[in-house]
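Model the following, please.
(chains A, B, C and D)
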There are 2 protein chains.
Amino acid sequence: MLKEERHKYILDQVHLHHRILLNDLSDALNVSIDTIRRDVKELHHEKKLKKVHGGATSFGFMTFSKDDGNIYLQSKKIQIAEKTVSLLSEGQVILMSGGTTNMEVAKLIPKKLSLTVFTPSLHVAMALLDHKDVEVIFLGGKLLHDAKFAVGGTVVNALSQLRVDLCILGTGYLDANHGLTEFDWEVIQVKKAMIRASKKTIILSVSDKLHSVQKYKTCDLTAVHTLVTELDPQDPLLDAFREFDLKLV
Amino acid sequence: MLKEERHKYILDQVHLHHRILLNDLSDALNVSIDTIRRDVKELHHEKKLKKVHGGATSFGFMTFSKDDGNIYLQSKKIQIAEKTVSLLSEGQVILMSGGTTNMEVAKLIPKKLSLTVFTPSLHVAMALLDHKDVEVIFLGGKLLHDAKFAVGGTVVNALSQLRVDLCILGTGYLDANHGLTEFDWEVIQVKKAMIRASKKTIILSVSDKLHSVQKYKTCDLTAVHTLVTELDPQDPLLDAFREFDLKLV
DNA sequence: GCAAAAACAGCAAGAACTTGCAAAAACCTA
DNA sequence: TAGGTTTTTGCAAGTTCTTGCTGTTTTTGC
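This is a model prediction of the structure:
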């Protein structure tokens, strides 16, 4: 394995997990701990990550931003959010799930665009309330401590009485064969209900999450109308998704 | 777990709750109390927090309150919150309205106290979600942009199906003759429903808001069981309220 | 002033880090 | 392509850091 490849892998891992142990890297890359140490030291000097005793963390790890203050991933998410916002139009009634990408969308909605948004995500709701012209309706229910996301019967019930224009699903894992998957069963139920309640479904996914599969399935790709990533729609990484009847943005 | 991670967690907790017990940290992070002690001592030397006997506090909890950066008011609110928290007991099911005072209550709830809390306030919900032993149910509805508070039929409806132990109403204006008053009609409707849904009602009020009257009325003082202020219960400022059958704290 | 809780100091085991070195691989240059 | 140079990598020895435990001292609440 080339040094460059190792460096890329290390950075990816750090960006994805915000922290990483040198031992794990050594195992994963099959090189001695010393080599990893040298790699990380180098990346530290290049200011690409921060070396700490026993491992490394991404910059911004120490910030108090609730989301992941990860510049790398963050910029991808902002790109996605910008594309997504351009798909919205005046007066629409939409549904938004949670996740940091969706939060970026919420932040980037133009101040003068009037919308009605239903969401079960505390973070998204909070971000939306900055927009005076957006009416925000929170779908109440039992809140998950980590995701700050409402789940359960009341949410699904409320959703069953809606019929909105658009549904924007953030986070989640995407794969051409297995569709959209998640690791939390309760979240799945809500997302399913969201899809049912909408005429169109838009999926947001940073490329890191493409081609990965989790335990539970939300839906097949046939239920999705648009896939937004930070990649160019022509990018070969997206080839696997072209066989489906969905718009790549 | 990396030392760096512990430090981040500790700082997050301190900033969120103003104060934190070393024991709670030790439990939460699964390391010995000595390690926590060393961590906190280190952060203290870095001036990131202030170490006190038994725990740590944030340097300027005042700087963190976006709303009223008023140190005096803030510390009054924290006093009220401390008194209020002491009124809670294990396993209770309670309702909490919004407001900054109620948010302080949410932050100060002991880590190991298990409760079920219903609230229509985004801020309170957010603060509560930091307590793993508190089940948080958000009362969904249309959100008010400024108050970040859910109002409307769905909230009132959901409340009409509840019968809980306790209801903690923050903010609002209080006067012996006119009772509890507010300036927002929609909020009134929700608060009324909250009072109806509870066996007991606790009102929190900083002394500044005593003896002032607003446009709409939430309830008479006869509906209130406990009034918590930052004042000593004997304080003459509270004399006007003694004729009612309520507990002064 | 007493008992309990918290803080402190010192110790020891283990983990992580540093340094120097030598073998192997990659990279010139003639 | 051969020979020399540079870079990369793994190993080993010694050092420092981290952490939990001990017993002792200080603080706190009653």
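
Which residue is the nearest non-sequential neighbour of the residue nearest in space to the middle of chain A?
For chain A, the residue nearest the mean C-alpha position is residue A:171 (3.1 Å; Cα atoms, centre = their mean). Nearest residue to residue A:171, sequence neighbours excluded (Cβ to Cβ, 6 or more residues apart in numbering or on different chains): residue A:99, at 3.3 Å. The way it works is simple: take the backbone N, C-alpha and C, and place the C-beta from them, glycine included.

Give me the buried positions along the lowest-mean-pLDDT helix or strand in chain A.
The weakest-scoring helix or strand in chain A, judged by mean pLDDT, DSSP states H and E, is helix A:71-85 (a mean of 85). By neighbour count on 16 or more other Cβ atoms under 10 Å in any protein chain shown, the buried set for helix A:71-85 is A:72-74, A:76-81, A:83-85.

can you list the residues of chain A near chain B?
Residues of chain A found near chain B (Cβ under 8 Å from any Cβ of the partner chain) are A:19, A:21, A:52-55, A:57, A:61-62, A:64, A:120, A:122, A:125-126, A:129, A:132, A:135-143, A:145, A:148, A:150, A:154-155, A:158.

could you pick out which of those are near DNA strand D?
Contacts with DNA strand D within these, counted by Cβ under 7 Å from any atom of the strand: residue A:53.

among the residues of chain A next to chain B, which are in strands?
A:19, A:21, A:52, A:55, A:57, A:135-138, A:142-143, A:150 (DSSP state E).

Which single one of those is nearest to residue B:219?
Comparing those against residue B:219 with Cβ to Cβ places residue A:138 closest, at 25.2 Å.

Helices of chain A, residue ranges please.
A:3-17, A:22-29, A:33-45, A:71-85, A:100-108, A:122-128, A:153-160, A:185-196 (DSSP state H).

Which stretch among these approaches residue B:106 most closely?
Of the helices of chain A, nearest to residue B:106 by Cβ to Cβ is helix A:122-128, at 13.2 Å.

how far does the closest one sit from the chain's center?
Offset of helix A:122-128 from its chain centre (Cα atoms, centre = their mean, to the nearest Å): 15 Å.

and that helix, average pLDDT?
Per-residue pLDDT over helix A:122-128 has a mean of 96.

ok, now stretch A:4-20?
89.

anything in it near DNA strand C?
No: using Cβ under 7 Å from any atom of the strand, stretch A:4-20 never reaches DNA strand C; the gap is at least 10.7 Å.

Pull out the buried residues from that stretch.
Quick answer for stretch A:4-20 (16+ other Cβ under 10 Å): A:6-7, A:10-11, A:13-16, A:18-20.

Repeat that for stretch A:45-62.
Buried residues in stretch A:45-62 (16+ other Cβ under 10 Å): A:48-52, A:55-61.

can you redo these as TSV with distance to residue A:38?
Listed next are these as TSV, based on distance: Cβ to Cβ, whole Å:
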residue	distance to residue A:38
A:48	14
A:49	14
A:50	16
A:51	11
A:52	16
A:55	15
A:56	13
A:57	18
A:58	19
A:59	20
A:60	24
A:61	22
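
Tell me the one of these nearest DNA strand D?
residue A:52 (8.1 Å; Cβ to the nearest atom of the strand).

For chain A, what lies in contact range of DNA strand D?
Going by Cβ under 7 Å from any atom of the strand, the residues of chain A near DNA strand D are A:1-3, A:6, A:31-32, A:34-35, A:38, A:53.

Go ahead and build a ChimeraX selection from the buried members of these.
One line in ChimeraX is enough to select the buried ones among the residues of chain A next to DNA strand D; burial here means 16+ other Cβ under 10 Å:
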select /A:6,31,35
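
Among the residues of chain A next to DNA strand D, which pair sits farthest apart?
Longest span within the residues of chain A next to DNA strand D, Cβ to Cβ: A:2 and A:53, 27.6 Å.

quick one: the residue lying closest to residue A:59 once chain neighbours are set aside from residue B:151, how far?
Excluding its sequence neighbours, the residue lying closest to residue A:59 (Cβ to Cβ, 6+ apart) is residue A:50, at 5.8 Å. As judged by Cβ to Cβ, to the nearest Å, residue A:50 and residue B:151 stand 45 Å apart.

do the same with residue A:210
Taken as Cβ to Cβ, the span from residue A:210 to residue B:151 is 41 Å.

Looking at the two, which has the bigger crowd around it?
Taking neighbours as other Cβ atoms under 10 Å in any protein chain shown, residue A:210 and residue B:151 compare with residue B:151 leading, 22 against 18.

Test for you: state the pLDDT assigned to that one.
In this model, residue B:151 carries a pLDDT of 97.

Show me the beta-bridge partners of it.
residue B:142 (DSSP bridges).

how much space between it and DNA strand C?
Per Cβ to the nearest atom of the strand, to the nearest Å, residue B:151 is found 42 Å from DNA strand C.

swap in residue A:138?
Distance from residue A:138 to DNA strand C, by Cβ to the nearest atom of the strand: 39 Å.

Going by distance to DNA strand D, which of the ones in strands among the residues of chain A next to chain B wins?
residue A:52 (8.1 Å).

Leaving out sequence neighbours, find the closest residue to the closest one.
The shortest distance from residue A:52 to any non-neighbouring residue, by Cβ to Cβ, 6+ apart, is to residue B:4 (4.3 Å).

Tell me how far the spatially closest residue to residue A:112 that is not a sequence neighbour lies from DNA strand C.
The shortest distance from residue A:112 to any non-neighbouring residue, by Cβ to Cβ, 6+ apart, is to residue A:133 (6.2 Å). Using Cβ to the nearest atom of the strand, we find residue A:133 at a distance of 51 Å from DNA strand C.

Go ahead and confirm residue A:133 touches residue A:115.
Yes: the pair formed by residue A:133 and residue A:115 meets the contact definition of Cβ atoms under 8 Å, at 7.4 Å.

Pick out whichever of the two has more residues nearby.
Neighbours were counted for residue A:133 and for residue A:115 using other Cβ under 10 Å; residue A:115 has more, 22 against 13.

Could you check what's spatially nearest to the residue of chain A found nearest chain B, not counting adjacent residues?
In chain A, the residue that lies nearest chain B is residue A:140 (2.4 Å; Cβ to the nearest Cβ). Using Cβ to Cβ, 6+ apart and skipping the chain neighbours, the partner closest in space to residue A:140 is residue B:140 (2.4 Å).
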